[in-house]
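Trainee: Need the 3D shape of this:
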Amino acid sequence: MSADAGKRQAAEAAMTYIDNGSIIGVGTGSTVNVFIECLARDPGRIRAAVSSSEASTRLLEDAGIEVMDLNHAGPLDLYVDGADESNRHLSLIKGGGGALTREKIIAGASRRFVCIADDSKLVGTLGAFPLPVEVIPMARSFVAREIVKRIGGQPELRERFTTDNGNVILDVRNLEIAEPVKFERTLNDIPGVVTNGLFALRGADVLLLGGADGVQTLEA
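Mentor: A predicted model of the protein is given here:
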């Protein structure tokens, strides 16, 4: 089965977690784009959405779905987003699309985080996918040196990319993240880091993986 087919399976399965008339958080990325397509077929299913990126906002509005500011929406019952990697403890690497900061905020504001992906995203140890770190531009070189000193790896500037928050991203390659919570905290402690793409302190509650055998559900 293709990865695209697995994404669609997971996205459709996530629809069953939505309460009618609710306000939900919506993430960013190729799998979430499929989820938004599912929402577009039934736009009255939800009252509104809180979006993690300008890209997702455009898709939601094109589908006729109201997009609310999180400050006005308050706590959310549900957040649906994808992942670049997940382990079986539902710690994630996210941020391949560059929306990691807003994604982490909305995940933190949500009672339940349902992560959707094709089954290739499930790994034994996180780190094969480069770990994104959003950084204040003036601190880029300092943060890169501190990352090497504190956790190792090879930080690389994501060229010609600026986040929706006006910052840059360092993608850290060649990592084996055996202790995701410790890694996340270590990176958060570096001055100049806005956030990093490890979702371990607040991982997913449910992971839906689409594949040849249907949708596999893992719960924290």
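
Trainee: how close does the closest residue to residue 83 other than its chain neighbours sit to residue 81?
Mentor: Of all residues not flanking residue 83 in the chain, residue 92 sits nearest, at 4.3 Å (C-beta to C-beta, 6 or more residues apart in numbering). (Glycine included, C-beta is placed from N, CA and C.) Residue 92 is 9 Å from residue 81, where distance means C-beta to C-beta, to the nearest Å.

Trainee: overlap in contacts of those two?
Mentor: residue 115 (C-beta atoms under 8 Å, 6 or more residues apart in numbering).

Trainee: how near is residue 10 to residue 168?
Mentor: 31 Å.

Trainee: what's the answer for residue 137, then?
Mentor: On the measure of C-beta to C-beta, residue 137 and residue 168 end up 5 Å apart.

Trainee: what do you get for residue 73?
Mentor: 28 Å.

Trainee: Looking at those two, which is more packed in?
Mentor: More neighbours surround residue 168 than the other of residue 73 and residue 168, with 21 against 18 (other C-beta atoms under 10 Å).

Trainee: If we ignore the residues flanking it in sequence, what's nearest the residue nearest in space to the middle of the chain?
Mentor: In the chain, the centroid-proximal residue (C-alpha atoms, centre = their mean) is residue 94; its distance is 4.4 Å. Among residues not flanking residue 94 along the chain, residue 197 sits closest, at 5.0 Å (C-beta to C-beta, 6+ apart).

Trainee: Ok, residue 195 next?
Mentor: residue 101 (4.8 Å).

Trainee: any idea which element that neighbour lies in?
Mentor: Assigned by DSSP states H and E, residue 101 belongs to helix 100-108.

Trainee: How far does that helix sit from its chain's centre?
Mentor: 7 Å (C-alpha atoms, centre = their mean, to the nearest Å).

Trainee: pLDDT of that helix, averaged?
Mentor: The average pLDDT for helix 100-108 rounds to 98.

Trainee: what angle do the helix or strand following it and helix 100-108 make?
Mentor: Downstream of helix 100-108, the next assigned helix or strand under DSSP H and E is strand 110-118. Using axes from the mean of the first three to the mean of the last three C-alpha atoms, to 10 degrees, the inter-axis angle of strand 110-118 relative to helix 100-108 is 120 degrees.

Trainee: Give me the helices and strands touching strand 110-118, please.
Mentor: Packed against strand 110-118 by the contact rule (3 or more C-beta pairs under 8 Å, 6 or more residues apart in numbering; DSSP states H and E) you find helix 3-14, helix 30-40, strand 76-81, strand 206-211.

Trainee: who's sitting farthest from the centroid in this structure?
Mentor: residue 149 (26.3 Å).

Trainee: so which helix or strand takes in it?
Mentor: Short version, using DSSP H and E: residue 149 is in helix 140-150.

Trainee: quick one: buried residues of that helix?
Mentor: 140, 143, 144, 146, 147 (16 or more other C-beta atoms under 10 Å).

Trainee: could you dump that helix to PDB, C-alpha only?
Mentor: This file holds the C-alpha atoms of helix 140-150, laid out as PDB (Å, rounded to 0.1, in the frame of the first residue of the first chain):
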ATOM      1  CA  ARG A 140      21.200  30.800  15.100                       C
ATOM      2  CA  SER A 141      25.000  30.200  15.300                       C
ATOM      3  CA  PHE A 142      25.100  30.200  19.100                       C
ATOM      4  CA  VAL A 143      22.300  27.700  19.300                       C
ATOM      5  CA  ALA A 144      23.900  25.400  16.700                       C
ATOM      6  CA  ARG A 145      27.100  25.300  18.700                       C
ATOM      7  CA  GLU A 146      25.200  24.600  21.900                       C
ATOM      8  CA  ILE A 147      23.200  21.800  20.300                       C
ATOM      9  CA  VAL A 148      26.400  20.100  19.200                       C
ATOM     10  CA  LYS A 149      27.800  20.500  22.700                       C
ATOM     11  CA  ARG A 150      24.800  19.400  24.600                       C
END
